[in-house]
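Asker: Sharing a sequence plus its predicted fold:
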Amino acid sequence: MPFAARLVIAWGINLLALWLANALWDSVSIHGWGYVIGAAVLGIANAIVKPLLAILTLPLIIVTLGLFYLLINIAMVALAEWIAPDFSIDGFWTYVGVVFVIWAVNWIVGHIVGDLEGRRRFSLT
């Protein structure tokens, strides 16, 4: 799959995850362009900033048995909230819930897209 297509799919998945998080919690407020810009910032942050932070804090991630990685994910959502207009999340536990929704949506759609991609590859050979 071409890189541009993967970027568009990742943006769409993040858009869906943010919409679902907004629908699930009253303390998440996203309107208008907040979805579009928030999903784009989240995608860029997860592609560039998150791996760098994970490498820099690897000892801390290991010592906390991966719990610090959750804080890195929360920081990525907070960055998207800070940059995107009309995007607001109130409360630490809401951030945790939003991170889990984003993770779950990415996991589910990733399996669906992976299965479709695998079938297409299988049928060509």
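Answerer: Sure, I can see it.
Asker: would you list every one of the helices in this structure?
Answerer: All helices of the chain, identified by DSSP state H, fall at 3-24, 33-44, 50-56, 58-63, 67-83, 92-124.
Asker: Give me the contact list for the second one.
Answerer: The set of residues that contact helix 33-44 without belonging to it, under CB atoms under 8 Å, 6 or more residues apart in numbering, is 7, 10-12, 14-15, 17-19, 22, 30, 76-77, 79-81, 83-87, 102. Any C-beta I mention is one placed from the backbone N, CA and C, and that applies to glycine too.
Asker: re the thing from before, just the helices of the chain: most buried one?
Answerer: Most buried of the helices of the chain, by mean neighbour count (mean count of other CB atoms under 10 Å): helix 33-44, with a mean of 20.
Asker: what's near enough to touch the residue most central in space within the chain?
Answerer: In the chain, the centroid-proximal residue (CA atoms, centre = their mean) is residue 102; its distance is 4.8 Å. The contact partners of residue 102, taken as CB under 8 Å, 6+ apart, are 14, 17, 18, 21, 42, 73, 77.
Asker: Widest-spaced pair of the residues you listed?
Answerer: The distance between the two most remote of those (CB to CB) is 13.8 Å, for 18 and 73.
Asker: low pLDDT regions in this protein?
Answerer: 1, 115-125 (pLDDT under 70).
Asker: So for residue 79, what's the nearest residue that isn't a sequence neighbour?
Answerer: Once flanking residues are discounted, residue 79 sits nearest to residue 45: 5.2 Å by CB to CB, 6 or more residues apart in numbering.
Asker: Oops, could you answer that again for residue 49 instead?
Answerer: residue 76 (6.8 Å).
Asker: residues touching that neighbour, list them.
Answerer: For residue 76, the contact set (CB under 8 Å, 6+ apart) comprises 42, 45, 46, 49, 50.
Asker: Quick check: the second one touching residue 81?
Answerer: The one in question is residue 45. No: using CB atoms under 8 Å as the test, residue 45 is too far from residue 81 to be in contact (11.0 Å).
Asker: Tell me how far the residue lying closest to residue 12 once chain neighbours are set aside lies from residue 45.
Answerer: Sequence neighbours aside, residue 39 is the residue nearest to residue 12 in space, at 7.8 Å (criterion: CB to CB, 6+ apart). From residue 39 across to residue 45, the span is 11 Å (CB to CB, to the nearest Å).
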